[in-house]
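**Student:** Give me a 3D structure for the following:
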Amino acid sequence: THIDVLLVSQLLQGVSDGLITLTVPVYLTEIASNSIRGLLVATFTLSIKIGYLFSFILAAVLSYKVMIGVILIMPTVQLIALLVLPESPTYLLRMHRAADAK
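**Tutor:** Residues are numbered from 1 along each chain as shown. Predicted coordinates for the structure are as follows:
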C-alpha cells in the first residue's frame, strides 16, 4: 500500500541522514588542516540547509517525477566522488599504514 512505501522511504531517509550527519563531519575534521577545519564543517552543514531550501522550491514548481530525477543528481555525483576521496589518517593507522597516514 502507499502508506507502507511512505513509511519505508522515511525510515531509509532518516537512517541515511543520520549516517551522513555523523560521518561526514568526522571525515572532514580528520583530513582537513587546522586552518580550514571549521570552515569545511560549517560549509557541510550550510549545504544541507541549502539543499532543503532548493528541494522545497523545486517541489512547488516541478512534477514529482522530475523532482525525483533532480534529487538523484547530487547522490550520484557523491557516489562517483567516493572513488577518488583519500582515506582518513585514522583509517590508515587502523590498517597499519602509518607511512600513508602522514
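**Student:** which residues in this structure form helices?
**Tutor:** 2-31, 37-61, 64-71, 73-81, 89-94, 98-101 (DSSP state H).
**Student:** Tell me the buried residues in the second one?
**Tutor:** Buried residues in helix 37-61, counted by 16 or more other C-beta atoms under 10 Å: 40-41. All C-beta spots, glycine's among them, are computed from the backbone N, C-alpha and C.
**Student:** Run the angle between that helix and helix 2-31 for me.
**Tutor:** On the basis of axes from the mean of the first three to the mean of the last three C-alpha atoms, to 10 degrees, helix 37-61 is oriented at 160 degrees to helix 2-31.
**Student:** before we move on, back to that, please produce a markdown table containing the helices of the chain, extended by mean pLDDT.
**Tutor:** Below are the helices of the chain laid out as a markdown table (pLDDT from 0 to 100):
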| stretch | mean pLDDT |
| --- | --- |
| helix 2-31 | 90 |
| helix 37-61 | 91 |
| helix 64-71 | 85 |
| helix 73-81 | 88 |
| helix 89-94 | 88 |
| helix 98-101 | 85 |
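**Student:** ok, and what's touching stretch 50-64?
**Tutor:** 67, 70-71, 74 (C-beta atoms under 8 Å, 6 or more residues apart in numbering).
**Student:** Give me the residue at the spatial middle of this structure.
**Tutor:** Residue closest to the mean C-alpha point of the chain, counted by C-alpha atoms, centre = their mean, is residue 20 at 5.0 Å.
**Student:** Tell me how far that one lies from residue 100.
**Tutor:** According to C-beta to C-beta, to the nearest Å, residue 20 stands 25 Å off from residue 100.
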